[in-house]
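Trainee: Predicted coordinates and the sequence they were generated for:
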Amino acid sequence: MKLDTESLARYLETHIEGFKGPITEKAFSEGQSNPTFLLDTPGGRYVLRCKPPGELLKSAHAVDREYRVMSALANTEVPVPQMLVFCDDDSVIGSMFYIMEFIDGRIFWDPTLPDLANHDRTAIYDQMNRALTALHRVDTDAVGLSDYGKPGNYFERQVHRWIKQYRASETENIPTMETLIQWLPDNMPEDDGRVSIVHGDFRLDNMIFHPTGPRILAVLDWELSTLGHPFADLAYQCMQWRMAHGGTMSGLGGVDRESLGIPSEAEYVARYCERMGIESIPNWDFYLAFSFFRLAAILQGVKKRAIEGNASSTKAHDMGALTRPLSEMGAALIQ
């Protein structure tokens, strides 16, 4: 996807105070969903995020929701970039987009954090835990997000949604996906009434850290955020402890975490519970199995877009190939 930088500059000069073109664009190569560009201008740097071109699944690529939730979280303890403008006029660059501030910091792709000292690794994992609990404690009424999701059982809605999304992007039969599609609706925990803002894709590489310290400057990629059950975010992040180290989506499986100063899954969950003021999390295997299924369904969508030529990342084919092994990990939890 190429931007019409002249049209974009004209629009931004009338909608962002002090903005002045011309614009030099550079696409970020990482990320699987919404195309993201660094904009260099005489007055500074900005980031543009937009819907991809082509035919899209209904409710996917919700950059409008990303803009809304990050705007709402601006004055909370959840670190987010400053939102500058949202545009739903397709005539500007061909699809809806928003502009946010550029944040100069570090993004870590390897969860073992190989270039850091043990105390920094420990601090970074603790900061992620702190940011997650800060998000789950946000008063949705106070930030104007009480209508950000549908009422009712979150997992019931999500299981049916991702079954539907998976069917819409299915390219082959995967037996373990069929196993999860059968098992999840029949083994859903009783709704305990917990509702919070959930990020939906809360993981290490969706955060920008301070250039020299463990502080999180911004949590990114809120496309899948909604009102839902907080344990979904926690289980989603904890998949990383179980996924193999190395490869396209590297995890902590097989890594001597204690020697690196990285908490175990049990320690990370316990610290979350302590911060949230709860004793434990029953039905943990369900939340993990659901998370593996949901991520597998998401990556199946990436695979189909890659086949159709609409994916926003050069790694899209490799990411799509993870659908089968992720579903196998989810199915292993319930067998």
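Mentor: Okay, I see it. Numbering: from 1, shown residues only.

Trainee: how far does the helix or strand bottoming out on mean pLDDT in the chain sit from the chain's center?
Mentor: In the chain, the helix or strand scored least confidently by mean pLDDT, DSSP states H and E is helix 316-320, which has a mean of 81. In terms of CA atoms, centre = their mean, to the nearest Å, the centre of helix 316-320 is set 16 Å apart from its chain centre.

Trainee: Just the CA trace of that helix, in CSV.
Mentor: Extracted C-alpha coordinates of helix 316-320, given in CSV (Å, rounded to 0.1, in the frame of the first residue of the first chain):
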residue,chain,number,x,y,z
ALA,A,316,2.2,-12.9,6.8
HIS,A,317,2.6,-16.4,5.1
ASP,A,318,4.8,-17.5,8.0
MET,A,319,2.4,-16.2,10.6
GLY,A,320,-0.5,-17.9,8.9
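
Trainee: name the helices or strands packed onto it?
Mentor: Judged by 3 or more CB pairs under 8 Å, 6 or more residues apart in numbering; DSSP states H and E, helix 316-320 is in contact with helix 284-308. Placement of C-beta: from N, CA and C, glycine included.

Trainee: got the contact list for the residue nearest to the spatial centre of the chain?
Mentor: Nearest residue to the geometric centre of the chain (CA atoms, centre = their mean): Asp201, 2.4 Å. Going by CB atoms under 8 Å, 6 or more residues apart in numbering, Asp201 touches Asp221, Trp222, Glu223, Leu224, Tyr236.

Trainee: closest to Met83 among the residues you listed?
Mentor: Trp222 (10.7 Å; CB to CB).

Trainee: circling back: now the least confident helix or strand of the chain: buried residues?
Mentor: Of all the residues in helix 316-320, those buried under the rule 16 or more other CB atoms under 10 Å are Ala316, Asp318, Met319, Gly320.

Trainee: want to throw those into JSON lines with distance to Glu77?
Mentor: Listed next are the buried residues of helix 316-320 as JSON lines, based on distance: CB to CB, whole Å:
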{"residue": "Ala316", "distance to Glu77": "34"}
{"residue": "Asp318", "distance to Glu77": "36"}
{"residue": "Met319", "distance to Glu77": "32"}
{"residue": "Gly320", "distance to Glu77": "36"}
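
Trainee: According to the record, where do the domains of the protein fall?
Mentor: Structurally, the chain divides into domains by automatic domain parsing as follows: 5-101, 118-334.

Trainee: Just send the ones you listed back as CSV, with distance to Trp109 too.
Mentor: Listed next are these as CSV, based on distance: least, CB to CB, whole Å:
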stretch, distance to Trp109
domain 5-101, 8
domain 118-334, 5
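
Trainee: ranking those domains by mean pLDDT, which is last?
Mentor: Per-stretch mean pLDDT for the domains of the chain is lowest at domain 5-101 (a mean of 90).

Trainee: How far does that one stretch from one end to the other?
Mentor: Using CA to CA, to the nearest Å, one end of domain 5-101 lies 18 Å from the other.

Trainee: With stretch 202-215 instead?
Mentor: Terminal-residue distance, stretch 202-215 (CA to CA): 16 Å.

Trainee: Only the buried residues of that stretch, if you could.
Mentor: Phe202, Arg203, Leu204, Asp205, Asn206, Met207, Ile208, Phe209, Pro214.

Trainee: Return the distance of stretch 218-235 from the chain's centre.
Mentor: 7 Å.

Trainee: and what of stretch 328-335?
Mentor: The chain centre lies 23 Å from the centre of stretch 328-335; the measure is CA atoms, centre = their mean.

Trainee: And the strands in the stretch 201-335 of the chain?
Mentor: Per DSSP state E, counting those that start in this stretch, the stretch 201-335 of the chain carries strands over the ranges 207-209, 216-219, 226-228.
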